[in-house]
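Show me how the following folds:
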Amino acid sequence: MEPQKLIVVTPLELKAMIADAVTSALNHQTTALSPANRDEWGGVPLAQEVLKLAESTIYSNIHLIPHQKRHGRLYFNRGQLLDYLAGGGVTVPTEFAEDARRLVRSRQKRHGKSALPKPSTRHCS
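This next block holds a predicted model:
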């Protein structure tokens, strides 16, 4: 198994990575989806298939990807994932945004104000 790596990217770099994944997914799409396929629900393997991302990338960006969580398990809808790819994003419901703010505050209390990594200053030329 390949060792896991932690990378820090700016929002702009993340957007570019997602755009590349979208382009790749759309280029590999070989058949049109029937309405029945769009209603398909599955776990992380479905998200990996549709988004063409590694499992670790899905988990680390779960706050950006449309999903449902029931009984501690993540569920993804094929149609919602395709809409997410086509639209370039997802609107986060208010209660999730508040959960994220609470999480950031709790980490800052435990680890100080520098609990969040600073954005990368690397420039591409």
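
Give me the longest strand you can find in the protein.
Ranked by number of residues, the top strand in the chain under DSSP state E is strand 73-77.

Within the sheet, what are the partner strands of that one, with directions?
Partner strands for strand 73-77, per DSSP bridges, with pairing direction: strand 41-42 (antiparallel), strand 68-70 (antiparallel).

Would you tell me which of the ones you listed gets closest to residue 50?
Closest to residue 50 of the strands paired with strand 73-77 is strand 41-42 (Cβ to Cβ; 9.0 Å). The C-beta positions use only the backbone N, C-alpha and C, and glycine is treated the same way.

after that closest one, next one along is what?
Per DSSP states H and E, the first helix or strand lying C-terminal to strand 41-42 is helix 44-51.

about what we covered before: quick one: buried residues of the longest strand of the chain?
Neighbour-count burial for strand 73-77 flags 74, 76, 77 (criterion: 16 or more other Cβ atoms under 10 Å).

Now residue 66. Nearest residue, chain neighbours left out?
What sits nearest to residue 66 in space, not counting adjacent residues and going by Cβ to Cβ, 6 or more residues apart in numbering, is residue 80, at 4.4 Å.

and the gap between that neighbour and residue 63?
Between residue 80 and residue 63 the distance, using Cβ to Cβ, to the nearest Å, works out to 15 Å.

If you count neighbours, what's buried in the host helix or strand of residue 19?
Assigned by DSSP H and E, residue 19 belongs to helix 11-28. The neighbour-count check on helix 11-28 (16+ other Cβ under 10 Å) flags 18, 22, 25 as buried.

Those into JSON lines, with extra columns for pLDDT and distance to residue 3?
JSON lines is the format used below for the buried residues of helix 11-28 (pLDDT from 0 to 100; distance: Cβ to Cβ, whole Å):
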{"residue": "18", "pLDDT": "89", "distance to residue 3": "24"}
{"residue": "22", "pLDDT": "83", "distance to residue 3": "28"}
{"residue": "25", "pLDDT": "76", "distance to residue 3": "26"}
